[in-house]
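Novice: here is the input, now give the coordinates:
(one chain, ligands or ions: 1)
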Amino acid sequence: MTIEEGLARGWDQFDVILVTGDCYVDHPSFGVAVVGRYLESLGLRVGVIASPDPENLDDFTKLGRPTLFFGVTAGNLDSMIMRHTALKKPRSDDAYADGGKAGRRPARASMVYCNRIRQAFSNAPVLIGGLEASLRRFAHYDYWSDKVRRSILPDSKADLLIYGMAEQALASVVAGLRDGKTLKELKDIRGTAVMVSKDERKEIAEKTVTIPSFEEVVSNKNKYAKASKSIHLNQYPHSALTLLQKHGGRYVRVNPPSLPLATEEIDKIYSLPFTRNPHPSHKGPIPAFEMIRFSVTAMRGCFGGCSFCALTVHQGRAIQSRSEDSILEEVSQITHSDGFKGYISDIGGPTANMYRLVCGEPAVEAVCRRTSCVYPITCKRLVTDHTPQLSVLRKARSIKGVKKVFIASGVRYDLANNSPEYIRELASHHVSGQLKVAPEHCDPDTLALMRKPPIESYDRFIESFLRESKKAGLEQYVIPYFISGHPGCGLTAEVEMARYLKRKNLKPRQIQDFIPAPMTLAADMYYSGIDPISGRPVETDKDGGARRLHRALLQYYKPENQDHVRQALRRVGRTDLIGNGPEKLVKEKSYRRK
Ligand code: SF4
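Specialist: From the prediction side, this is the model:
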């Protein structure tokens, strides 16, 4: 992170300089650390500019000009999501910032950083990547400006965009540059997007799909939904085609996603020499680091296809699992870390129990275009055997120095229901008293738009989990997570949600107000009013007042929400739920003075 650190390693210049909106934490849960260590393993000299002050050009010039390229990312998350609440209010905290305080990360950080680099080094090659670039690779609905924006590629003026998990694409980019090509000349690498001219478009040899242009999607919601459908049906690396989207006189060319890494390849990445600590220049606690410090990533990807989730869009639907040995080796290493008290906080990934779950028929997988392997029902070709996960967990908890191994990643309960043994072990060994599960809603129509399993599946799982906890002599609870105001969820459905919570005696402490993350199916429903896959209309309550009513219903029991709940119930003609009695959600308003 400094010239001095480079010189101490005998480097008088860097080959690649990574610029990130996060603090630098040399831990495999942080994208820049993985990318930096990976590039280093390819023999490159890598510098990092972490959390630069966007107003200070010196922050961008302090490491000089790299011989190959600047690699820019907003950080682990999208900068607009990091900076704002669901109601678009500024956040005061930033989990990836020094001391956890917001303020340093600019809005649309990838674009701001690219601009500063161009100011300092006018023609330096720039590559963008990370979640923000991934989600914004096509023309997309941007909730924060409430408009359809162009692809981030022409707007940032970067030479190349890497989407998804970057290693494979980076290896090809580095090989191309070593062959004397420029970033702009690397047009056909999987997992990347580039700008091409009309003539270059004609020269593309492989099969392509031209989706509605930026100009079309910005003015026509049907075209927007059509583009969204093509994008979402072309996410699976084995079957995806190259997509082209016209922006003015040029095209954004998005090549098919990178192929899944083989186990040996992913093992190599996680065996790189991470120090597992933040850079010493960071003084305050970094909340995201504190949370994942003693956790282990077992796999990447998620085939759930939940429509509101940006992870599937970024990491992809194919599960890429590490070997058992590689995971256990990391657990052993952690036991020697400073401050480790015997508790592994997580062994998981985007979803806890998808370790080693794969498509059982590669020939069908090669042409499969489903957006989920588990929705509307679990595909019969999906291997759902939980034995490999159980084996890893059993061995991990028997490692010397390990007192407990927790599962903090979300459990996919419809899959877990297939394995009573998994639920038994989860309840008996891997929960710290409270298990977080995300049914998200109970209304069947809303769940269908979310691409989530029916609530009965959640109920069944909870029953089994509590039964097994009791058998193990443990008093454990389930903390359910719900989303309010999802597209297609009207107030009537939200009332049913509140009634479900009352029936089950659930008082969710945290409610996630729906945030339309760019490029997710749900964001596309929210904007276009159409479910892109089915073509059916979808209505959404968008104004702040209505969204407050949605949220209040899911926490109907809170005294401060009572007025809103009564208002919501009157709006949908359910005044029968106001008054006294076990079926009622709120009491009549009392005007008596205290
Ligand atoms: S398991 Fe089914 S849905 Fe998933 S990739 Fe294989 S065939 Fe497609």
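Novice: number of residues surrounding Gly529?
Specialist: When neighbours are defined as other Cβ atoms under 10 Å, Gly529 has 17 of them. C-betas here are computed from N, CA, C, even on glycine.
Novice: check it and give its pLDDT.
Specialist: pLDDT, Gly529: 98.
Novice: correct me if wrong: it contacts Arg536.
Specialist: No: applying Cβ atoms under 8 Å, one finds Gly529 not in contact with Arg536, separated by 10.0 Å.
Novice: quick one: the nearest residue to Pro376 once chain neighbours are set aside and the ligand, what's the gap?
Specialist: Closest residue to Pro376 apart from its sequence neighbours, by Cβ to Cβ, 6 or more residues apart in numbering: Ala448 at 7.5 Å. Ala448 sits 17 Å away from the ligand, taking Cβ to the nearest ligand atom, to the nearest Å as the criterion.
Novice: the helix or strand containing Ala448 packs against which elements?
Specialist: Using DSSP states H and E, the element containing Ala448 is helix 444-450. For helix 444-450, the elements it packs on are helix 521-528, judged by 3 or more Cβ pairs under 8 Å, 6 or more residues apart in numbering; DSSP states H and E.
Novice: ok now the helix it packs on, how far from the chain's centre?
Specialist: 17 Å (Cα atoms, centre = their mean, to the nearest Å).
Novice: kindly report the same for stretch 291-311.
Specialist: Here stretch 291-311 is found 7 Å from its chain centre; the criterion is Cα atoms, centre = their mean.
Novice: do stretch 353-366 as well
Specialist: In this view, stretch 353-366 has its centroid 21 Å away from the chain centroid, taken as Cα atoms, centre = their mean.
Novice: buried set for it?
Specialist: Under the neighbour-count criterion of 16 or more other Cβ atoms under 10 Å, stretch 353-366 has Asn353, Met354, Tyr355, Arg356, Leu357, Val358, Cys359, Glu365 buried.
Novice: tell me the mean pLDDT for that stretch?
Specialist: The predicted model gives stretch 353-366 an average pLDDT of 94.
Novice: same check on stretch 181-192?
Specialist: Averaged across stretch 181-192, pLDDT comes to 96.
Novice: returning to that earlier point: which of the buried residues of stretch 353-366 sits closest to Ala205?
Specialist: Glu365 (24.3 Å; Cβ to Cβ).
Novice: for the nearest residue to Arg190 once chain neighbours are set aside, give me phi and psi.
Specialist: For Arg190, ignoring the flanking residues on the chain, the nearest one in space by Cβ to Cβ, 6+ apart is Ser258 at 4.8 Å. Backbone torsions for Ser258, taken as degrees, to the nearest 10, come to phi -60, psi 150.
Novice: which residues touch Ser258?
Specialist: By Cβ atoms under 8 Å, 6 or more residues apart in numbering, the residues touching Ser258 are Gly164, Met165, Glu167, Gln168, Ala169, Arg190, Gly191, Pro237, Gly316.
Novice: same list (those) but as CSV, adding secondary structure.
Specialist: Compiled in CSV, those are given as follows (DSSP: H, G, I helix; E, B strand; the rest coil):
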residue, secondary structure
Gly164, coil
Met165, coil
Glu167, helix
Gln168, helix
Ala169, helix
Arg190, coil
Gly191, coil
Pro237, coil
Gly316, coil
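Novice: just these now: which is nearest Ile128?
Specialist: Distance to Ile128 across the contacts of Ser258 (Cβ to Cβ) is lowest for Ala169, with 12.0 Å.
Novice: can you tell me the closest non-neighbouring residue to the closest one?
Specialist: Spatial nearest neighbour of Ala169, excluding adjacent residues (Cβ to Cβ, 6+ apart): Gly191 at 3.7 Å.
Novice: tell me, how many residues neighbour the one residue in the stretch 101-250 of the chain that gets nearest to the ligand?
Specialist: Closest contact between the stretch 101-250 of the chain and the ligand, by Cβ to the nearest ligand atom, is at Tyr236 (6.9 Å). By other Cβ under 10 Å, the residues close to Tyr236 number 23.
Novice: hmm, it is touching Ala318, no?
Specialist: Yes: with contacts counted by Cβ under 8 Å, Tyr236 reaches Ala318, the gap being 7.1 Å.
Novice: shared neighbours of the two, anything?
Specialist: The contact sets of Tyr236 and Ala318 do not overlap (Cβ under 8 Å, 6+ apart).
Novice: out of the buried residues of stretch 353-366, who's nearest Lys246?
Specialist: Using Cβ to Cβ, the buried residues of stretch 353-366 come closest to Lys246 at Glu365, 31.3 Å.
Novice: next, the contact list for the nearest residue to Val383 once chain neighbours are set aside, please.
Specialist: Leaving aside its sequence neighbours, Val383 sits nearest to Gly360 (Cβ to Cβ, 6+ apart; 4.7 Å). Taking Cβ under 8 Å, 6+ apart, we find Gly360 in contact with Arg381, Leu382, Val383.
Novice: so Tyr343 touches Val331, yeah?
Specialist: No: using Cβ under 8 Å, Tyr343 is not in contact with Val331, being 11.4 Å away.
Novice: so what sits against both of those two?
Specialist: Listed as contacting both Tyr343 and Val331 by Cβ under 8 Å, 6+ apart are Val402.
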